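Peer 1: sequence unknown, structure follows:
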């Protein structure tokens, strides 16, 4: 089954919500970067969150980037998403190995440590919107919850989960974002806050066989949830040899001549998907 995102409203549009199943796209990212379990979990959570956030944007060409720069061994993560469900991303250090945390879970917070989460929205305006927060826990869902509350002034609950199998492949991945609209009444807020504390984790709900629609039903069923849209989502990189050659051609004439003088063809890898592109000397000479 393909990964997908559902959008929904509840409580007479006082609540808007998103849910995603993202096992395949997280597995594609894991394979592309040969990531260890803790990095697969960290990158997978950020990919899932960003994919949902991307569908909040209006324009076809709008682009969202979520970046974490941190002091932990992971060093950082970068993810981009568009409004149509396409998402890609890479870890700064893909091979971090850490013992499980005190709850017996993958220690994503320990891998990230202290740091900054930045959200950059390029919506075709003169300047992109940039929102930034200090990491609160490094567990990513809590950090995005804090980002929405402080940078966008939208009270939100974010749940994200990645379950890594014994063979290091991705067994389950997904998440939800539930947001309160400005006109929400206090009774709805109280009931929703109570419900969020009672639900199982995202990976437990997925392991129980729940779809994104059913996850939102579990969280919002008592509020009259209405699914408004379904969007396929996937790990998609739009790199190409032409794009990489344009990047190489921006090198200074001296640097390019130094490479040519070496007399060896070069290999350049895309950061996002690790695809390798080869350039021979004749191709490099044409870039001068």
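Peer 2: Looks like it arrived, so ask away. Just so you know, these numbers come straight off a predicted model, no measurement behind them. Residues are numbered from 1 along each chain as shown.
Peer 1: surely residue 4 meets residue 23?
Peer 2: No: with contact defined as Cβ atoms under 8 Å, residue 4 does not reach residue 23; the gap is 11.1 Å. The way it works is simple: take the backbone N, C-alpha and C, and place the C-beta from them, glycine included.
Peer 1: span of stretch 260-269 from start to end?
Peer 2: End-to-end distance for stretch 260-269: 18 Å, by Cα to Cα, to the nearest Å.
Peer 1: so who does residue 176 touch?
Peer 2: 17-20, 52, 157-159, 202, 212, 215-216, 219 (Cβ atoms under 8 Å, 6 or more residues apart in numbering).
Peer 1: is it in a helix, a strand, or coil?
Peer 2: Of the three states, residue 176 takes strand according to DSSP: H, G, I helix; E, B strand; the rest coil.
Peer 1: then residue 229?
Peer 2: strand.
Peer 1: what about the residue nearest to it when sequence neighbours are not counted, which helix or strand?
Peer 2: Once flanking residues are discounted, residue 229 sits nearest to residue 7: 4.2 Å by Cβ to Cβ, 6 or more residues apart in numbering. Assigned by DSSP states H and E, residue 7 falls within strand 4-10.
Peer 1: pull up the pairing partners for that strand, direction included.
Peer 2: Looking at strand 4-10 with DSSP bridges, its partner strands are strand 15-21 (antiparallel), strand 226-232 (antiparallel).
Peer 1: burial check on residue 204, number of neighbours?
Peer 2: Residue 204 has 13 neighbours, counted by other Cβ atoms under 10 Å.
Peer 1: please begin residue numbering at 685 from this point
Peer 2: In the new numbering, first residue 685, that becomes residue 888.
Peer 1: quick one: it and residue 759, what's the gap?
Peer 2: From residue 888 over to residue 759 the distance is 30 Å, taken as Cβ to Cβ, to the nearest Å.
Peer 1: check residue 905 too.
Peer 2: 41 Å.
Peer 1: name the residue in the two with the higher neighbour count.
Peer 2: residue 759 (17 against 12).
Peer 1: spatially nearest residue to the more buried one, not counting backbone neighbours?
Peer 2: residue 776 (3.8 Å).
Peer 1: quick one: contacts for that neighbour?
Peer 2: 758-762.
Peer 1: mind telling me what element the closest residue to residue 965 other than its chain neighbours is part of?
Peer 2: Residue nearest to residue 965 in three dimensions, not counting chain neighbours: residue 944, with 6.0 Å by Cβ to Cβ, 6+ apart. Using DSSP H and E, residue 944 sits in helix 937-946.
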